[in-house]
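> sequence unknown, structure follows:
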């Protein structure tokens, strides 16, 4: 679906950056990039928490002996 993203090179990225700066302005671009950075940071934090929870649940399953059904 988004395979075209793999084909974007440096010249295309520079053109996109220039268009964004012209469209939004330098100040708004800084605010947008700061917000994007915070969002990525938060997403990484949530991902780490989910991985820790999953590993804890896996460890609990391994420690608990299976019960036999009657």
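Yes, it's here. Bear in mind the structure is a predicted one, so any value in this text is a computation, not a measurement. Numbering: from 1, shown residues only.

> and the helices in this protein?
In the chain, the helices defined using DSSP state H lie at 10-24, 26-63.

> now distance to residue 3, mean neighbour count and mean pLDDT too, for these, in CSV please.
The way it works is simple: take the backbone N, C-alpha and C, and place the C-beta from them, glycine included. Converted to CSV, these look like this (distance: least, C-beta to C-beta, whole Å; neighbours: other C-beta atoms under 10 Å; pLDDT from 0 to 100):
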stretch, distance to residue 3, mean neighbour count, mean pLDDT
helix 10-24, 15, 10, 87
helix 26-63, 22, 10, 89
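
> for residue 8, see how far away residue 21 is.
17 Å (C-beta to C-beta, to the nearest Å).

> oh, I was asking about residue 24
20 Å.

> what of residue 31?
Residue 31 sits 24 Å away from residue 8, going by C-beta to C-beta.

> same question for residue 46.
For residue 46, the distance to residue 8 - C-beta to C-beta - is 27 Å.

> for residue 25, give me phi and psi.
phi 90, psi 160 (degrees, to the nearest 10).

> count of neighbours near it?
Other residues near residue 25 come to 11 when the count uses other C-beta atoms under 10 Å.

> what separation do you get for residue 53 and residue 59?
Taking C-beta to C-beta, one finds residue 53 at 11 Å from residue 59.

> same deal with residue 23?
Look at residue 23 and residue 59: by C-beta to C-beta, they are 50 Å apart.

> check residue 6 too.
38 Å.

> again with residue 7
43 Å.

> next: residue 8.
From residue 8 to residue 59 the distance is 42 Å (C-beta to C-beta).

> with residue 25 instead?
For residue 25, the distance to residue 59 (C-beta to C-beta) stands at 51 Å.

> for residue 16, same thing?
45 Å.

> again with residue 12
Going from residue 12 to residue 59 by C-beta to C-beta gives 46 Å.
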